[in-house]
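> I'd like to go over a predicted model; first the sequence, then the structure.
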Amino acid sequence: METPETWIEKLAAIAGWETTRARTINWPSVESRLGTPLPTDYKLLAERFGSGEFTEYLWFSTPDSPSPHHDLIEDAKWLGDQALVDPGISELYRPYLVFPTAGGLLKWGDSVQADQFYWLTESADPDEWPILAQAHDDVDGWERFDGSTSEFIYRILTDPQQPFSIAMFFDTHAFESFE
């Protein structure tokens, strides 16, 4: 079984991302503001890459991103607030609830095609959260992925069998930082 670090290294290698760059993120503060712990893999990925765009397709959100549309905390708060006041918003996520509701969906990324990527916060252990992905044109369809965030991104970029794959369109990959 491959470790989160292995998937992150594989992702950095195909994206040509510098291997020595790392960010310092105050995770206790982030998790306190968000109201939940986050997956270990995600934290390592955020420290290594920061917020940005993989291969002009997948936008990766992190806490305190310089891109206002890709700030994990602000996006979660906005969506959670909207779901409370507008029942129509909640309908878009059925049969799931929206975070901060216990077991709700917490968005960590999206695509240029408006596909959205979430963790299903159904476990007390965030390292066990599955990823749920929803295509922009299929509000009733959810694809579940039981693996880490970095593995999910890697497979989107390289595995033509992955439902959201761009492998058939790109031979090379890159990461463009929002920082």
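Sure, I can see it.
> Excluding chain neighbours, give the residue nearest to the residue nearest the centre of the chain in space.
Central residue of the chain (Cα atoms, centre = their mean): Trp108, 3.0 Å from the mean position. Excluding its sequence neighbours, the residue lying closest to Trp108 (Cβ to Cβ, 6 or more residues apart in numbering) is Ser61, at 5.5 Å. The way it works is simple: take the backbone N, C-alpha and C, and place the C-beta from them, glycine included.
> Show me the longest helix that occurs in this structure.
What stands out as the longest helix in the chain, according to DSSP state H, is helix 72-85.
> after that one comes which helix or strand?
helix 87-91 (DSSP states H and E).
> For that following helix, name the packing helices and strands.
Judged by 3 or more Cβ pairs under 8 Å, 6 or more residues apart in numbering; DSSP states H and E, helix 87-91 is in contact with helix 72-85.
> for the helix it packs on, what is the average pLDDT?
The pLDDT scores in helix 72-85 average 93.
> list the buried ones in it?
Buried residues in helix 72-85, counted by 16 or more other Cβ atoms under 10 Å: 72-77, 79-80, 83.
> Same question for stretch 94-107.
96-100, 104-107.
> Chain neighbours aside, what residue packs nearest to Ile14?
Nearest residue to Ile14, sequence neighbours excluded (Cβ to Cβ, 6+ apart): His173, at 4.8 Å.
> I meant to write Pro63 there.
Val30 (4.4 Å).
> Number of residues surrounding the one you found?
19 (other Cβ atoms under 10 Å).
> how about it, phi and psi?
Per-residue torsions, Val30: phi -60, psi -50 (degrees, to the nearest 10).
> from memory it sits against Tyr42, does it?
No. Between Val30 and Tyr42 there is no contact under Cβ atoms under 8 Å: 10.7 Å.
> Any idea what Leu58 is bridged to?
Beta-bridge pairing of Leu58 under DSSP bridges involves Phe54, Ser111.
> How far away from the center of its chain is the lowest-mean-pLDDT helix or strand in the chain?
Every helix and strand in the chain was compared by mean pLDDT, DSSP states H and E; the lowest is helix 87-91, with a mean of 83. Its chain's C-alpha centre lies 22 Å from the corresponding centre of helix 87-91 when counted by Cα atoms, centre = their mean, to the nearest Å.
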